[in-house]
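Visitor: Any chance you can model this:
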Amino acid sequence: MTLWTAAEIAAATGGTASGDFAVTGVAFDSREVGPGDLFVALTGESTDGHRFLDQAFAQGAAGALVSADPPHPHVRVGDTAHALDALARAARARTQATVIGVTGSVGKTSVKEALFAALDRAAPGATHRSVKSYNNHVGVPLSLARMPWDSRFAVLEMGMNHPGELAALTRLARPHVALVTAIAPAHTAFFPDEAAIADAKGEIFQGLETPDGATGGTAIVPWDSPHYTRLAAAAAPYAARTVTFGAGEDADVRPLELMQVAAGQFITARVGSRELSFTLSQPGAHWVSNALAVLAAVDAAGGDLGLAGLALGELGGLAGRGERFATPVGDGEATVIDESYNANPASMRATLAVLADAPGRHVAVLGEMRELGDGSAAYHAALAEPVLAARAEPILLVGEAMAPLARALEQKVNVVHVPDATAALGALRGVLAAGDTLLVKGSNGVGLSRIVAALRGGA
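Guide: The predicted structure is shown next:
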């Protein structure tokens with residue numbers, strides 16, 4: 001189905017079309033361009049997308065958004081980044097979809113994916129979402145520009161690492177429902193304290209509107225957060241109503257019953273005045289909180305809670321965010337928990353708690369947590385308690401910033417501190433055994449995904 005015509009792109013961006021063409025998708029990474037896509041040639045500090053125009057068209061691009069005149073079908077504009085924002089605004093203006101914005105220090109990608117699965121049950125093929133972690137000043141407009149005009153629901157992840165970023169993104173997306181998953185130490189190099197992080201996350205409420213375009217909409221905030229009052233105050237000037245989720249008895253969406261079962265976690269939840277019983281396939285207390293947030297958002301968006309419960313029972317793991325797979329070891333297999341995409345103190349603790357309940361011997365490859373500023377050493381050293389509680393041994397620590405944790409653990413458990421992922425993989429091959437459960441977790445820049453790829457390939 002046609003997503004944009006050349007005339008529509010030109011009208012949205014104020015550009016000039018070289019001729020008639022139509023596109024079925026939008027991409028800014030030439031490596032991801034597929035047949036029928038519009039390739040947006042962005043210009044950055046280190047590269048220029050115009051250099052990859054021939055490659056994009058060789059891969060099947062139907063047109064390009066450019067600031068030059070290439071020998072390919074295109075729309076020429078003065079600035080391609082501004083033009084992508086304009087295309088995003090046009091996509092948002094033409095859609096009748098209920099738009100949900102998701103942010104938070106931890107869990108936002110997992111909640112986004114679970115929310116998509118829940119809403120897609122009710123509107124199969126008519127639910128749109130951000131892919132990967134496209135949640136920044138380029139990813140959000142790209143996700144909007146990709147949204148089919150006839151979508152019924154849209155779930156957009158929004159991230160930030162500086163004040164003011166979310167305010168700009170939410171005013172572009174104009175969500176009807178805005179959800180904050182949790183506040184935790186993340187990007188603390190750019191913020192003086194957690195309260196400042198909460199303030200920055202609370203900016204998501206500034207774009208709220210109702211389906212008829214009026215100011216308002218629904219804010220969803222974590223009741224159990226120590227920053228609840230701050231988040232609720234941030235929502236108050238912009239939200240028509242605020243819904244809370246969490247374990248507290250006064251939360252609007254809360255668990256009434258929780259049991260561990262073979263298929264995962266069986267939960268009976270109160271959602272406003274209703275009750276819903278469902279099985280959650282994902283392990284861990286953090287996933288209970290995620291599920292409650294999903295139910296709150298589905299309810300606020302007018303989705304089907306029963307179908308949402310079914311979707312939560314069938315969720316698979318996300319690559320880099322909890323996916324599990326078996327890797328051959330000797331005459332048997334070990335189980336790998338892939339948490340290699342990201343890490344901060346809160347998510348480290350949550351995932352180590354999941355490892356604590358896993359079968360077999362527990363092995364951990366933990367990469368350093370980045371962007372923690374002056375508190376980095378203390379945050380890393382404080383992981384000693386949850387690591388010991390997880391009964392993880394041996395433990396491979398990766399990166400210079402892990403030195404405080406290595407010192408805190410020495411004399412207590414078998415710990416190996418290595419400089420990088422390559423060294424960690426070499427050390428891991430000598431200790432991993434059949435029947436083990438291995439956790440791989442660290443900040444994305446550490447490169448632990450290379451270890452996961454090797455294990456997935458059986459190397």
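Visitor: any residues touching stretch 86-95, and which ones?
Guide: 4, 8-9, 11-14, 26, 65, 99, 140-142, 144-147, 149, 151, 154, 172-174 (C-beta atoms under 8 Å, 6 or more residues apart in numbering). C-beta: built from backbone N, CA, C; applies to glycine.
Visitor: go on, stretch 58-65?
Guide: Stretch 58-65 is contacted by residues 6, 9, 13, 15, 21-24, 30, 33-41, 53, 56-57, 70, 72-75, 77, 80, 83-84, 87 when judged by C-beta under 8 Å, 6+ apart.
Visitor: what do you get for stretch 416-425?
Guide: 365, 367, 394-400, 402-403, 406, 427, 446-448, 450-451, 454.
Visitor: now those residues: which count as buried?
Guide: Buried positions within the contacts of stretch 416-425, assessed by neighbour count (16 or more other C-beta atoms under 10 Å), are 365, 367, 394-399, 402, 406, 427, 446-448, 451, 454.
Visitor: and this structure, what are its domains?
Guide: The chain breaks down by automatic domain parsing into domains covering 4-79, 95-313, 323-456.
Visitor: Now the two most distant members of the buried ones among the contacts of stretch 416-425.
Guide: Within the buried ones among the contacts of stretch 416-425, Ala406 and Ala454 form the most distant pair, 23.2 Å apart (C-beta to C-beta).
Visitor: on that earlier part again, now, of the contacts of stretch 86-95, which are buried?
Guide: By neighbour count, with 16+ other C-beta under 10 Å, the contacts of stretch 86-95 hold 4, 8-9, 12-13, 26, 65, 99, 140-142, 144-147, 151, 154, 172-174 as buried.
Visitor: State the distance from Leu87 to Asp150.
Guide: 17 Å (C-beta to C-beta, to the nearest Å).
Visitor: What about Ser18? Give its phi and psi, please.
Guide: phi -80, psi -20 (degrees, to the nearest 10).
Visitor: How about it, nearest residue that isn't a chain neighbour?
Guide: Residue nearest to Ser18 in three dimensions, not counting chain neighbours: His74, with 5.0 Å by C-beta to C-beta, 6 or more residues apart in numbering.
Visitor: List the contacts of that neighbour.
Guide: With C-beta under 8 Å, 6+ apart, His74 has these contacts: Ala17, Ser18, Gly63, Ala64, Leu65, Val66.
Visitor: re the thing from before, of the contacts of stretch 416-425, which belong to strands?
Guide: Val365, Gly367, Pro394, Ile395, Leu396, Leu397, Val398 (DSSP state E).
Visitor: Thought Leu366 was touching the fifth one, still the case?
Guide: Yes: here Leu396 lies in contact with Leu366, judged by C-beta atoms under 8 Å, at a distance of 7.2 Å.
Visitor: Can you tell me what sits against stretch 22-31?
Guide: Counting by C-beta under 8 Å, 6+ apart, 1-6, 9, 33-42, 49, 52, 55-56, 59, 62-63, 84, 87, 138, 142, 145-146 sit against stretch 22-31.
Visitor: Out of those residues, list just those in helices.
Guide: Ala6, Ile9, Gln55, Ala56, Leu84, Leu87, Leu142, Ala145 (DSSP state H).
Visitor: Closest one to His380 out of those residues, please.
Guide: Using C-beta to C-beta, these come closest to His380 at Leu142, 34.1 Å.
Visitor: isn't the closest one right up against Leu84?
Guide: Yes: with contact defined as C-beta under 8 Å, Leu142 counts as touching Leu84 (6.7 Å).
Visitor: Mind listing the shared neighbours of the two?
Guide: Phe28, Val40.
Visitor: neighbours of Ser273, just the number please.
Guide: By other C-beta atoms under 10 Å, 6 other residues sit near Ser273.
Visitor: ok, now how distant is it from Thr242?
Guide: 17 Å.
Visitor: same check, this time on Leu172
Guide: Distance from Leu172 to Thr242, by C-beta to C-beta: 22 Å.
Visitor: coming back round to it: with pLDDT and distance to Pro255 as added columns, please give the ones in strands among the contacts of stretch 416-425 in CSV.
Guide: Below are those laid out as CSV (pLDDT from 0 to 100; distance: C-beta to C-beta, whole Å):
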residue, pLDDT, distance to Pro255
Val365, 98, 32
Gly367, 97, 32
Pro394, 94, 36
Ile395, 97, 32
Leu396, 97, 35
Leu397, 98, 35
Val398, 97, 36
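Visitor: between the residues you listed, which is nearest Gly435?
Guide: Using C-beta to C-beta, the ones in strands among the contacts of stretch 416-425 come closest to Gly435 at Pro394, 14.6 Å.
Visitor: Not counting residues beside it along the chain, what's closest to the closest one?
Guide: Per C-beta to C-beta, 6+ apart, closest to Pro394 is Asn414, 4.3 Å.
Visitor: show me the contacts for that neighbour.
Guide: Glu393, Pro394, Ile395.
Visitor: check which helix or strand covers Ala81.
Guide: helix 80-94 (DSSP states H and E).
Visitor: packing partners for the next helix-or-strand element following that helix?
Guide: Later in the chain than helix 80-94, the nearest helix or strand by DSSP H and E is strand 98-103. Helices and strands touching strand 98-103, by 3 or more C-beta pairs under 8 Å, 6 or more residues apart in numbering; DSSP states H and E, are helix 108-122, strand 153-157, helix 165-173, strand 177-180, helix 285-300.
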